[in-house]
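Enquirer: next comes the sequence, and after it the predicted model I'd like to discuss.
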Amino acid sequence: MATLIDELASAIAELEDEKVLELVTTRLDSGIAPLAIVDNLQQGMTEVGMRFESGDYFLSELVMCGEIMKDAMAVLEPHLAGADQQHRGSIVIGTVKGDVHDLGKNIVVMLLKGAGYNVIDLGIDVPAEKFIEALKESQAPLVGMSVLLTACQEGMKEIIEEIRAAGLKVAVIIGGNYVDEAVKNYVKADYFAHNASDAVKIADEIFTTARGSAHSA
Ligand code: B12
């Protein structure tokens, strides 16, 4: 079992709910950037995942860890999301069919909203039809998909194929704990991001390029 150096990461790995909330609050009060706090929480959750994998933790611990993270995110949310930003465009997002992990996706949603985007969050366990319907309705040029279960990767690939087959010319960005360039290429997505701040940077690039080509057309 690895020893986590950061106190907050270690508190979440040990499932110490009160200590987690206390540390999040004191760190915010002392001016530490909310995203740095998210990074420490994520580090602790990775440790929980490893303990689950090695049999030291069971499903009940995974559930507890998810609940603690949700409470911590509720404290962080007002500091992550910017208020009264101008609407910069729409983005559809969801966790793919078969997968119910949504803590990471929710952070991405918060940051995109904070950056001024109109985010249409379809939630968890989202099938192709729902993505297609939302994309047609919103005319969003970008769709984000989250996946944490490797067993759902094939399903993600099929969703992307169905979106393309429906004739929708949208950019697809994917993310999730294990997602990398190889996964992106396999499922034929256009972009991937390791974390929520990279997701915002990529969205900014896509929307700036789209605006540029609309002007030059
Ligand atoms: C908490 C948790 C749960 C909670 C989820 C609660 C919730 N509401 O999300 C519960 C208890 C429900 C759960 C259930 C299960 N889980 Co689970 N879970 C985890 C755990 C510990 C943490 C995940 C997490 O929230 N991380 C913190 C967030 C902040 O990080 P993140 O998700 O990576 O998100 C960041 C980036 O990836 C990125 N990102 C994420 N989404 C997106 C989307 C876009 C568009 C972009 C651009 C970026 C992006 O930005 C985020 C923020 O920076 C992981 C371990 C791990 N290492 O990930 C296992 C893990 C994912 N679970 C696992 C398993 C096996 C399961 C179960 C099958 C267990 C079981 N036997 O039932 C079920 C599956 C249920 C289902 N059908 O989905 C495995 C998956 C293994 C695999 N290879 O598929 C893991 C890896 C644990 C392990 N090591 O074995 N789980």
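Expert: That came through, no problem.
Enquirer: use CA for all of it now, contacts and neighbours both
Expert: Noted.
Enquirer: mind listing the helices for this structure?
Expert: 7-13, 17-29, 34-53, 59-80, 103-114, 128-138, 153-165, 181-187, 196-216 (DSSP state H).
Enquirer: the second one near the ligand at all?
Expert: Looking back up the chat, that one is helix 17-29. No. Helix 17-29 stays clear of the ligand (C-alpha under 6 Å from any ligand atom), getting no nearer than 13.9 Å.
Enquirer: by how many degrees do that helix and helix 59-80 diverge?
Expert: 20 degrees (axes from the mean of the first three to the mean of the last three C-alpha atoms, to 10 degrees).
Enquirer: which helices and strands does helix 17-29 pack with?
Expert: The contact analysis (3 or more C-alpha pairs under 8 Å, 6 or more residues apart in numbering; DSSP states H and E) places helix 17-29 against helix 7-13, helix 34-53, helix 59-80.
Enquirer: between the helices of the chain, which gets nearest to Arg88?
Expert: For the helices of the chain, the distance to Arg88 is smallest for helix 196-216, at 8.1 Å, taking C-alpha to C-alpha.
Enquirer: distance of Ile107 from Ala189?
Expert: Distance of Ile107 to Ala189, computed by C-alpha to C-alpha, to the nearest Å: 21 Å.
Enquirer: oh, I was asking about Asp121
Expert: To Ala189, Asp121 is 19 Å away according to C-alpha to C-alpha.
Enquirer: and if you look at Met69?
Expert: Taken as C-alpha to C-alpha, the span from Met69 to Ala189 is 28 Å.
Enquirer: can you check Lys70 too?
Expert: 28 Å.
Enquirer: looking at those two, which is more packed in?
Expert: Ala189 (21 against 15; other C-alpha atoms under 10 Å).
Enquirer: pLDDT wise, what is the more buried one at?
Expert: If you check Ala189, the pLDDT there is 98.
Enquirer: run a quick check on it versus Val170, I expect a contact.
Expert: No. With contact defined as C-alpha atoms under 8 Å, Ala189 does not count as touching Val170 (10.3 Å).
Enquirer: pLDDT below threshold where in this structure?
Expert: 1-4, 81-86, 212-217 (pLDDT under 70).
Enquirer: point out the residues in it that sit beside the ligand.
Expert: Residues of the chain lying close to the ligand by C-alpha under 6 Å from any ligand atom are 42, 45-46, 48-50, 52-53, 62-63, 65-66, 98-105, 107-108, 144-146, 148-151, 173-177, 192-196, 199.
Enquirer: buried members of these into PyMOL, please.
Expert: The buried subset of those, as determined by 16 or more other C-alpha atoms under 10 Å, is captured in PyMOL by this line:
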select buried, resi 42+45+46+48+49+50+52+62+65+66+98+99+100+101+102+104+105+107+108+144+145+146+148+173+174+175+176+177+192+193+195+196+199
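Enquirer: can you check the distance spanned by stretch 10-17, start to finish?
Expert: Across stretch 10-17, first to last residue, C-alpha to C-alpha, it's 11 Å.
Enquirer: roughly how far apart are Leu149 and Ser197?
Expert: Per C-alpha to C-alpha, Leu149 is found 22 Å from Ser197.
Enquirer: I meant to write Asn185 there.
Expert: Counting by C-alpha to C-alpha - Asn185 and Ser197 are separated by 21 Å.
Enquirer: thanks a lot, catch you later.
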